[in-house]
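> okay, sequence plus prediction incoming.
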There are 2 protein chains.
Amino acid sequence: MRYEELADIPCSITRPLVLLGDRWTLLILKESFAGVRRFNAFRANLGIPRSRLQDRLTRLVEHGVLARQQADGGEHPEYRLTRKGHDLYPVLMAIREWGDAYMAPDGPPVHYRHTGCDGEAHASLECDSCGTRISAHDVTPEAGPGLLALT
Amino acid sequence: MRYEELADIPCSITRPLVLLGDRWTLLILKESFAGVRRFNAFRANLGIPRSRLQDRLTRLVEHGVLARQQADGGEHPEYRLTRKGHDLYPVLMAIREWGDAYMAPDGPPVHYRHTGCDGEAHASLECDSCGTRISAHDVTPEAGPGLLALT
DNA sequence: CAGCACTGGTCTCGAAAAGGGACCGTCCGG
DNA sequence: CCGGACGGTCCCTTTTCGAGACCAGTGCTG
């Protein structure tokens, strides 16, 4: 189980990827953000095999990213984003922005507009202190508490 | 080949994920951003099987995310980020931010500091027109040129 | 309220991908 | 010019995925 062990590494990129880094998981979440909640709707939109979808939904629920709600009346269950799941939106938007830039020869298939404004959502990287827009070159990694706690 | 077909869907989230959505690809890129360039360095840091690493590096080079440079003298090859690869940084930072929030009980393992400043890099979602920080609730999808071009 | 289509979910089996070595030519420091 | 490290390929086993059969509960319809 070489791969699962990666979750033990103290790295905040590696750990989420053990959950999110597979063919379908982020696509399922993309559908969730588009308002999809029902098992068959995910299936119809993505063409994902039933058993695979089942696995992924269960795992996302276990991780608290989705919540499975089956109204007491015993209706068909719904999978909806939790707060934790909702907070993954910037990840999808960052991917979309890259996709728009490099994989959309005809221009963006979808505009993600700021509701009630003519602007568009834009995933940017900025300094939380001085507010400057920054790139990878402007970043210096430095050990934080999660790493120092191990010693 | 149900899965590969997803790349044909006009969606700027789906298309990048056909390239990036697997166990190792984003982890390899994470190492790249950390300055790793040599085959065995990736291997040592990630514990990825040789053949797998070879596949992924080749694919990333084919997609122009990494460039394989073998100096004419015939030295050991180096894999380094292209502009296109470099632009994936916000994706990794968005994942990191989520990881810091939900998968780092002891606090962030690593601070990504703005060089020469006391602030930290922060992947935020904002409106490119009014500059407001926005969330998924504030976004309205709307057909763009890439979709309209199909009709 | 009986019948029937749909829905979420499980199981199985063949196909595809991942993991883990063995192996091999090239590079390079001594 | 030798020996170890390096990048890369191949092969075989294990794991995961894909596609479909199957099944019990739901809920619409007549």
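Yep, that arrived.

> near DNA strand D, which residues of chain A show up?
Within chain A, the positions near DNA strand D by Cβ under 7 Å from any atom of the strand are A:22-24, A:47-52, A:55, A:73-76. Heads up, the C-betas are built off the backbone N, CA and C, glycines and all.

> filter those residues down to just the ones in helices.
A:50-52, A:55 (DSSP state H).

> so what's the most centrally placed residue in chain A up against?
For chain A, residue A:88 is the residue whose C-alpha lies nearest the centre (Cα atoms, centre = their mean; 4.0 Å). With contact taken as Cβ atoms under 8 Å, 6 or more residues apart in numbering or on different chains, residue A:88 is in contact with A:20, A:29, A:65, B:98.

> cutoff 6 Å now
A:29, B:98 (Cβ atoms under 6 Å, 6 or more residues apart in numbering or on different chains).

> how close does it get to residue B:99?
Using Cβ to Cβ, to the nearest Å, residue A:88 is found at 11 Å from residue B:99.

> same check, this time on residue A:21
Distance of residue A:21 to residue B:99, computed by Cβ to Cβ: 12 Å.

> next: residue A:16.
For residue A:16, the distance to residue B:99 equals 4 Å [Cβ to Cβ].

> which one of those two has more residues nearby?
residue A:16 (26 against 22; other Cβ atoms under 10 Å in any protein chain shown).

> what's the longest strand in chain A?
strand A:121-127 (DSSP state E).

> which elements pack onto it?
Counting contacts by 3 or more Cβ pairs under 6 Å, 6 or more residues apart in numbering or on different chains; DSSP states H and E, strand A:121-127 packs against helix A:89-102, helix B:89-102, strand B:121-127.

> and the angle for it with strand B:121-127?
On the basis of axes from the mean of the first three to the mean of the last three Cα atoms, to 10 degrees, strand A:121-127 is oriented at 150 degrees to strand B:121-127.

> any idea how far strand A:121-127 is from the chain center?
The chain centroid and the centroid of strand A:121-127 are separated by 16 Å under Cα atoms, centre = their mean, to the nearest Å.

> right, and the helix or strand after that strand?
Scanning forward in sequence from strand A:121-127 by DSSP states H and E, the next helix or strand is strand A:139-143.

> give me the contact list for that next one.
Strand A:139-143 is contacted by residues B:110-113, B:115, B:121 when judged by Cβ under 6 Å, 6+ apart.

> if we use 10 Å, what do you get?
The contact list for strand A:139-143 (Cβ atoms under 10 Å, 6 or more residues apart in numbering or on different chains) reads A:10, A:125, A:127, A:151, B:33-35, B:89, B:93, B:108-117, B:120-121.

> got the phi/psi numbers for residue A:116?
phi 70, psi 30 (degrees, to the nearest 10).

> which ones are touching it?
Counting by Cβ under 10 Å, 6+ apart, residue A:116 has contacts B:130, B:138, B:140.

> most neighbours among those, which one?
Counting by other Cβ under 10 Å, top hit in the contacts of residue A:116: residue B:138 with 17 neighbours.

> with adjacent residues omitted, what lies nearest to that residue?
What sits nearest to residue B:138 in space, not counting adjacent residues and going by Cβ to Cβ, 6 or more residues apart in numbering or on different chains, is residue A:115, at 5.2 Å.
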